[in-house]
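1. quick one, structure for this:
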Amino acid sequence: MATTDDGTRMTFLQEVRSAVTTRAALLVTGVLGLMVAFITSYAGAFHAPKPTDIALGVVAPAQARGALVAKLDGLPGSPLDPRALPSREVALQQLRDRKIDAALVVDPRSTTDRLLVASGGGAALSQATEAVVTAADRAEGRTVRTEDVRPVADGDSRSLSSFYLVVGWCVGGYLCAAILAISAGARPANTARAVIRLGALAVYSLLAGLAGAVVIGPVLNALPGSLFGLWGLGALIVFAVGATTLAFQTLLGVIGIGLAILVIVVFGNPSAGGAYPYPLLPPFWRAIGPALPPGAGTWASRSIAYFGGNGLTSSLLVLAAWAVGGVLLSVVLAALRDRDRRNNTLAPVTPRA
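-> Residues are numbered from 1 along each chain as shown. As a prediction, the model looks like this:
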């Protein structure tokens, strides 16, 4: 049994205190909290997917259009958010622009209607829409034939490759930032060091973006779309997540790594619209997803891969905001620490009596 400095034997409680410091206990408690939050967030988002307010274009004869939209809008549980469209061509264009999730084209000369979907934006969403519309048409004695106008690529099972790609980029971003910080202390010692770390992160982001785009495209043939477009998106995602992590670390020290994991992994990944696009998620996750890097990145990668880059603007602005915010917070906090250090150095020392 271990002994104290005066040679007496330690009690069990003293040995515990010696083996596990207060700081370590607090960090382990924080890890436990992250674990519980992880389970709660993922299970909460995925345990019971339910279609809500799926944006559905409705193309029908003018005399029947209003009544049909009202009937679809009044379905129990509000699974659809229907809006009247003048023609199939307009519906196709809005699908390509990602303004709607699907479109129902009613043929007044037949009992079979056409449902236009785009599984490249999320296979689970297309299937859920088909199930809801088929049931609604069946109640009216009609049938539905589904046409996938933006189908997933052969190597992209259920349109999940874009989500996996973005998750990988996010992991690379916060791990790189964590390594840069803990290699010489969790908080930058001065403004110059903060700028150097951000510069190193920028170089890494370019390499990580290119590596991810090459692997998901030419190597695995898992995702179509522009290689250069995905490269640029990947570099922005990695830098945004990394700069945010550096900012959190500058503010909170090593605890900032945990905060980055909380924001990006615990809240960001299940709300990203990957496995279940936004209309299938519960309200909380549906609300926060587009504002977090994984959600913005997943939406943008699918836009590049399947929709010719349409609907990118809002997602790119979100990612840019995280990147710029992370840079500014890191530099400003480091500058404030520099000022405090200079003030403490220049402060006069009061001589002892």
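
2. the strands in the stretch 1-150 of the chain, which residues?
-> Along the stretch 1-150 of the chain, counting by DSSP state E, counting those that start in this stretch, strands occupy 54-59, 80-84, 102-105, 112-117, 143-148.

3. which elements pack onto the first one?
-> Contacts of strand 54-59 with other secondary structure elements, assessed using 3 or more Cβ pairs under 8 Å, 6 or more residues apart in numbering; DSSP states H and E, are made with helix 62-73, strand 80-84, helix 88-96, strand 102-105, helix 123-139. Just so you know, the C-beta spots here come from the backbone N, C-alpha and C atoms, and that holds for glycine as well.

4. and stretch 323-331, what's buried?
-> In terms of neighbour count (16 or more other Cβ atoms under 10 Å), stretch 323-331 has its buried residues at 323, 326-327, 329-331.

5. no no, stretch 209-220
-> For stretch 209-220, by 16+ other Cβ under 10 Å, it's 209-213, 216-217.

6. single out the most deeply packed of the helices and strands packed on strand 54-59.
-> Neighbour counts (mean count of other Cβ atoms under 10 Å) averaged over each of those peak at strand 102-105, with a mean of 24.

7. and that strand, how far out from the chain middle?
-> Relative to the chain's own centre, strand 102-105 is displaced by 28 Å; criterion: Cα atoms, centre = their mean, to the nearest Å.

8. same question for stretch 196-209.
-> 20 Å.

9. swap in stretch 213-225?
-> For stretch 213-225 - counting by Cα atoms, centre = their mean - the centre lies 20 Å from the chain centre.

10. mind listing residues that contact it?
-> 153-156, 161-162, 165, 227-228, 230-231, 234, 301, 304-306 (Cβ atoms under 8 Å, 6 or more residues apart in numbering).

11. and which of the residues you listed is nearest to residue 49?
-> Set against residue 49, the nearest of these by Cβ to Cβ is residue 162 (18.4 Å).

12. nearest residue to that closest one other than its sequence neighbours?
-> residue 301 (3.9 Å; Cβ to Cβ, 6 or more residues apart in numbering).

13. so the one you found versus residue 135, what's the distance?
-> Going from residue 301 to residue 135 by Cβ to Cβ, to the nearest Å gives 32 Å.

14. do the same with residue 84
-> For residue 84 relative to residue 135 (Cβ to Cβ), the value is 21 Å.

15. cool, residue 71 as well?
-> Taking Cβ to Cβ as the measure, residue 71 and residue 135 are separated by 13 Å.

16. residues in contact with residue 60?
-> Contacts of residue 60 (Cβ under 8 Å, 6+ apart): 68, 84, 104-106, 108.

17. and which of those is nearest residue 174?
-> Taking the contacts of residue 60 together and measuring to residue 174 by Cβ to Cβ, the closest member is residue 104, at 42.2 Å.

18. most surrounded residue in the contacts of stretch 213-225?
-> Greatest neighbour count in those, by other Cβ atoms under 10 Å, goes to residue 162: 32 neighbours.

19. I'd say it and residue 307 touch.
-> No. At 11.3 Å, residue 162 and residue 307 do not qualify as touching, with contact defined as Cβ atoms under 8 Å.

20. thinking again about what came up before, in helices, which of the buried residues of stretch 323-331 fall?
-> 323, 326-327, 329-331 (DSSP state H).

21. make TSV out of these and add pLDDT and distance to residue 195.
-> Shown next, in TSV, are those (pLDDT from 0 to 100; distance: Cβ to Cβ, whole Å):
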residue	pLDDT	distance to residue 195
323	98	15
326	96	13
327	97	9
329	95	13
330	92	9
331	93	7
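
22. in CSV, list the residues you listed along with distance to residue 100.
-> Below are those laid out as CSV (distance: Cβ to Cβ, whole Å):
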residue, distance to residue 100
323, 30
326, 34
327, 36
329, 37
330, 40
331, 42
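
23. pLDDT at residue 24, what is it?
-> Per-residue pLDDT puts residue 24 at 76.

24. next: residue 15.
-> Reported pLDDT for residue 15: 65.

25. repeat for residue 341
-> Value for residue 341, per-residue pLDDT: 74.

26. cool, and residue 258?
-> Confidence score, pLDDT, at residue 258: 91.

27. what sits against it?
-> Contacts for residue 258 (Cβ under 8 Å, 6+ apart) come out as 30-31, 34.

28. how close does it get to residue 30?
-> Distance from residue 258 to residue 30, by Cβ to Cβ: 5 Å.

29. show me the residue sitting in the middle of this protein in space.
-> Geometric centre of the chain, nearest residue: residue 294, 1.8 Å, by Cα atoms, centre = their mean.
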